[in-house]
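J.: Task: produce atomic coordinates for the following.
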Amino acid sequence: MEEDAGQDKRKQHRARQSGVKAEKKKIKAKKESNQKDPELTARQRNPKAFAINSAQRAERNFRRKEDLTAKKQHIPVVDQTPDEPPPVLIAIVGPPKVGKTTLIKNLIKSFTRTNVTDIRGPITIVTSKKRRITLLECNNDINSMIDVAKCADLVLLLCDASYGFEMEIFEFLNICQVHGMPKIMGVLTHLDMIKNPKQLRKRKKELKHRFWTEVYDGAKLFYLSGLLHGEYLRNEIKNLGRFISVMKFRPLQWRGAHSYILVDRMEDVTNTDTVRRNPKCDREVVLYGYVRGVPLKQEHMVHIAGLGDARIDELSVISDPCPLPGTEKKRSLLEKERLLYAPMSGVGGIVYDKDAVYIELQGSHSHKEKSADATEQEELVNKLIDKKATIDEQMEQQEFRLFSDGAPIKSKDFKSDDEAENSEDEDDGNDSGLDAAESSDEEGDEFDADDWRNENSDRESDEDEGETSGDEEYQSLANIKSGTQSSDENSDNGDDDEANEAQILASNMSWKTNLAQKARDAFLQRHSESRNLMRLVYGAYNQSERNKQPEEQQDKNNSDSEEELGGLFKVATKKQTDLQKERDIRDKDESCFFDYHGDALRDWLADGNKELIKNCFVTGKWKASEDAENLLKLDDMSDADSEVYGDFEDLETGEQHNGKPKDTQPTDGDSNNGETSVSAGGEATKRKMTRVEEENLTKAELMAKKLKLKAKFDAEYDNNGEKGGEDSGRITGDHSYYEELKAEAQKQSELNKNEFAHLDNELRIQIEGYRAGLYVRLGFKTLPAEFVEHFDASYPVLVGALNMTEENVGFVNCKVKKHRWYKKILKTGDPLIISMGWRRFQTVPIYAKVEDNFRHRYLKYTPNHVTCSMTFWGPITPQNTGFIALQTVRQDQEEMKRLGFRIAATGCVTELDKSSQIMKKLKLVGHPFKIYKKTAFIKNMFNTSLEVAKFEGAKIKTVSGIRGQIKKAHHTPEGSFRATFEDKILLSDIVFCRTWFRVDVPRFYAPVTTLLLAPEQKTEWQGMKTLGQLKRERAIKNEAQLDSMYTDIVRKPKIFRPLVIPKALQRALPYKHKPKLGPLDPQQTEKRVAVVNSPYEQKVSKMMKMITTNYRDKRNRERNETKQRLKQFHAKKRAEEASKLKRQKELRKKVSRAMSKMRNKNNNA
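T.: Just a heads-up that it's a prediction; the model follows:
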């Protein structure tokens, strides 16, 4: 505890913000500010207190401040975010069992108060008034990680704190670095597994610094301390949600040039009969999602990651399933407005589509007990669904036998009398030429509809709203009722054809009578039904409305007795169809109230009536800002009159011109600020301009008003006033260049947004394309059936648009470097899986090294720690596009243990070309067989004289370094040639000829089609195998090559001839270089000569021997005596030490006895 207390830092003092003491200080400060000049700041009141004491410290502080400012600055980019941006895509990534699904559920519950049990596919939720987010869980599959890294805006990287960072996290970070680094936030889970607080703090610090190393210093790392009832703590999830809601994102290069869609819903719209006949036929698939990036156009091809390239067959906008809240002003987002859209996760709701409306019921609806009738109805529907053939085909195949031995009667051979009569009626109706020809196909009871032409209302209700005829607009309720009654009477009288024809003629020609009265009644009828606040408050306001209310009540009571077919389908009433028609043709621009003039019609030839509609035409008086005459005058003023501000004299004519002074001119600024001066009672009072007056301002008046407002704003904020730049007194840096860049980028973004803002949405889409933020429907034809059969919502489906050049295939030249964590080196010719752009594909690369003469020299293996050139056959991709390379994408545990880190290499595209120029070095070896001074004949280098002719003039070289040149072919042996050298060569020399030949790049390109595999095989995609893998699987061993085997080299000793110097040269040499006379055999050693001493020398020699012998004997005796002395001395020392130790031991015993006796006495006492 003491160590922990010593490590804690002292907290900084925080002044009280509330309480008695704080209030006293506030009152005191207020009094002091009132006594002094309130306009001056503290620096202005007391400049000495803020003076610079040390110039060096001030310079250091200034530099530090500028460095911090420069670090925060980024290169301004043009903001391409639309007004309604797409949801922010947040990917939750991490190894298995770290809590990804739990975190998504908690975030959804925190934002929407909704529990989602099954997390499948993207989930879009509304988090604030202007932001939506899409949560996406990433599987523990490297294909999913690659696709998620290409489209995610924010990545929540989950890590098990008790285990540490796993290899999947580092792989994903490297993928993000290549494909465009999104915002990354780390989240540590399982912190409750570490019980020791000190160890927990240490663990947090280690993981934080390791995370900073991989991302950047200061990257945000969240801590989820533990689970409570299966959920993370509410405050921690809320803090995480706040960071997500306010985070800003910088545009990435690849996504800023391409449009892409993350599919959140998929439908198979293939004809069921076609699927029934051929289950493996190509499917028609519809994909849904938000457009992201740049606007999407239907002409461009798209690439579905994990499937391949496809052409968009249909592209349309549909209503946003998860729109932002309304634009009305609110203080906060209400709980009921928080939306959730998760079509693949089983969340109930209504989905509006172009073809139909899908309703998914859950909860109490799905668990309701079914009655007997409901069960019977469900069985009937299931039988209809299970039928393989259509009802018409089944009816045609029905057989009936009157007698057992009679021929069967088939349904298709039988025709009833009713059908024959109907066919005759159809022929008669088609020949009649009447307007009611369409109604002759139906039976007599269908003439009961409230239609003035007695046509079938059900058929017309299915037609488009814009196809309603103009005659229906003048329909009257009185005529409708009368026509209905007459048709009822005629249908009840019998089946007389003549009476029916007369009734049809009368009903069709009756519309021409009393058209004005019908139009007036129809107009009143339409506007009496319009829903408006005035009608709701004050009730019915004309007689026809009051008369209609009891009729509507009666119709409502009769609606309960609708005809049912089998308890499943209901026949729509004709009344509902007519009401729908009347709503479609209702004129919404007219006023709610209409002055009923009776039978009188308005005379439009009268002058008073002409004045009412005069301004509706071109000849009328428009407002000043739109009048053509006024606009022309303003243009003339801007060219000439606007530059005359004072008096001037024409020097050519001498004429004096008096211009109006600027002050006396009726300035627009007096009224430009939204106020006009009005004199009343001799006093000038200002009033605000009305909305009509503001709309009628001229162009010059509007411009002057804006300039005046801008000048006022600049004087208030930008200019240095009393509290601007003079009061600070601080040294500030010059950031004008950066501010200009920001202003330019901001201006460009505003121009981009305003360019198509005034256009209609459909026209804007035709010109610009489907902009980001729109929810679109993509239709594809001829997609493989496996895509639909093996569709798994947990695997992301990314649709990326391709530019025109990216649709082609050719040779791509890249700069690549083997990853430092990958254990194996890469070999030329081994297949490699590359993730580049939106695509993932397998290809066969060729590695090369760029030399000084820009030749690409073939490499067999990739070098370590340096980059090399790589060429492969694949899709054309723009330069500087990053890519990663893998050798396998399988989730094989044995393979992952062997490799460890799966990312083999990283690089970027450097050059695009339709051809490749990779050269490989080849050495041709030859041996000389004839030598004539500096000329030699070489063999074994070529096979034919034709090959020699091709290499005439080529440079050759010997092992010893003698250079030469190929001259002409020799007749024998075949392939030999004559060559010249700088010097005479030997027969033992080996001659080389260095040549280069071009290496062809294999044209192999295979997309990675993981979406076509079954769910259990999606992580087992296997492409082309390497030669080593095939040999290991089949246990094939390489055959030994004799040329590659190491053998003992036996070299014969070379015998050189003795050096012979000519006599003439010996005479000319100086003496020191002349050969000296020596023994004939220098290697023979000379024998020593015997020496004979004289008698005196013999005596001396004998004496010296005796002296030497005596000295040696004496020295040996002294040495032995010294050894004896030392031996005795050491024995004596050992005896003394032993006696000393014995005495000390006895003394210690005596002392111990005495002390024990004294201790016993003290104890007894």
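J.: which of the residues in stretch 817-824 are buried?
T.: Using 16 or more other Cβ atoms under 10 Å as the burial criterion, the residues of stretch 817-824 that qualify are 817-819, 822. Glycine gets a C-beta too; all of them are placed from N, C-alpha and C.
J.: burial count for the closest residue to Met181 other than its chain neighbours?
T.: Of all residues not flanking Met181 in the chain, Leu252 sits nearest, at 7.7 Å (Cβ to Cβ, 6 or more residues apart in numbering). Leu252 has 15 neighbours, counted by other Cβ atoms under 10 Å.
J.: for Val148, same thing?
T.: Neighbour count of Val148, defined by other Cβ under 10 Å: 27.
J.: now Asn803
T.: 16.
J.: And it, its phi and psi?
T.: For Asn803, the backbone dihedrals are phi -70, psi 170 (criterion: degrees, to the nearest 10).
J.: what separates the residue nearest to Met181 from Glu84, distance-wise?
T.: According to Cβ to Cβ, to the nearest Å, Leu252 and Glu84 sit 21 Å apart.
J.: Could you do Lys410 as well?
T.: Applying Cβ to Cβ to Lys410 and Glu84 gives a distance of 61 Å.
J.: which parts of the longest strand out of those in the chain are buried?
T.: Identified as the longest strand of the chain according to DSSP state E is strand 918-932. By 16+ other Cβ under 10 Å, the buried positions in strand 918-932 come out as 918-920, 924, 926, 928.
J.: Determine which two of the residues you listed are furthest apart.
T.: Spatial extent of the buried residues of strand 918-932 (Cβ to Cβ) is set by the pair Ile918 and Pro928 at 33.6 Å.
J.: Same list, the buried residues of strand 918-932, but as CSV with distance to Cys159 please.
T.: Compiled in CSV, these are given as follows (distance: Cβ to Cβ, whole Å):
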residue, distance to Cys159
Ile918, 43
Met919, 48
Lys920, 47
Leu924, 59
Gly926, 65
Pro928, 70
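J.: Any chance of JSON lines for the residues you listed, columns distance to Ala1135 and pLDDT?
T.: Shown next, in JSON lines, are the buried residues of strand 918-932 (distance: Cβ to Cβ, whole Å; pLDDT from 0 to 100):
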{"residue": "Ile918", "distance to Ala1135": "93", "pLDDT": "91"}
{"residue": "Met919", "distance to Ala1135": "94", "pLDDT": "91"}
{"residue": "Lys920", "distance to Ala1135": "91", "pLDDT": "92"}
{"residue": "Leu924", "distance to Ala1135": "93", "pLDDT": "94"}
{"residue": "Gly926", "distance to Ala1135": "93", "pLDDT": "95"}
{"residue": "Pro928", "distance to Ala1135": "93", "pLDDT": "95"}
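J.: between these, which is nearest Leu1141?
T.: Once Cβ to Cβ is applied, the member of the buried residues of strand 918-932 that ends up nearest Leu1141 is Lys920, at 88.2 Å.
J.: who does that closest one bridge with?
T.: Phe997 (DSSP bridges).
J.: isn't it right next to Tyr858, touching?
T.: Yes - counting by Cβ atoms under 8 Å, Lys920 touches Tyr858, with 3.8 Å between them.
J.: Could you please give me the overlap between the contact lists of these two?
T.: Common contact partners of Lys920 and Tyr858 (Cβ atoms under 8 Å, 6 or more residues apart in numbering): Val999.
J.: What segments of the stretch 801-950 of the chain are helices?
T.: Under the criterion DSSP state H, counting those that start in this stretch, the stretch 801-950 of the chain contains helices at 893-899, 945-950.
J.: Could you do the stretch 1001-1150 of the chain as well?
T.: Counting by DSSP H, counting those that start in this stretch, the helices of the stretch 1001-1150 of the chain are 1027-1034, 1063-1068, 1095-1164.
J.: want to throw those helices into a markdown table with mean neighbour count, mean pLDDT and distance to Leu135?
T.: A markdown table is the format used below for those (neighbours: other Cβ atoms under 10 Å; pLDDT from 0 to 100; distance: least, Cβ to Cβ, whole Å):
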| stretch | mean neighbour count | mean pLDDT | distance to Leu135 |
| --- | --- | --- | --- |
| helix 1027-1034 | 11 | 88 | 39 |
| helix 1063-1068 | 9 | 89 | 98 |
| helix 1095-1164 | 10 | 93 | 83 |
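J.: follow-up on the earlier one: residues contacting the residue nearest to Met181?
T.: 180-182.
J.: could the residues you listed be laid out in JSON lines, adding pLDDT and distance to Lys297?
T.: As requested, the contacts of Leu252 are exported to JSON lines (pLDDT from 0 to 100; distance: Cβ to Cβ, whole Å):
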{"residue": "Gly180", "pLDDT": "88", "distance to Lys297": "22"}
{"residue": "Met181", "pLDDT": "90", "distance to Lys297": "28"}
{"residue": "Pro182", "pLDDT": "92", "distance to Lys297": "25"}
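J.: Neighbour-wise, give me the winner out of those residues.
T.: So for those (other Cβ under 10 Å), the most neighbours sit at Pro182, 21 neighbours.
J.: Roughly how far does that residue sit from Val215?
T.: 11 Å.
J.: Thr888: how many residues sit nearby?
T.: Neighbours around Thr888, by other Cβ under 10 Å: 21.
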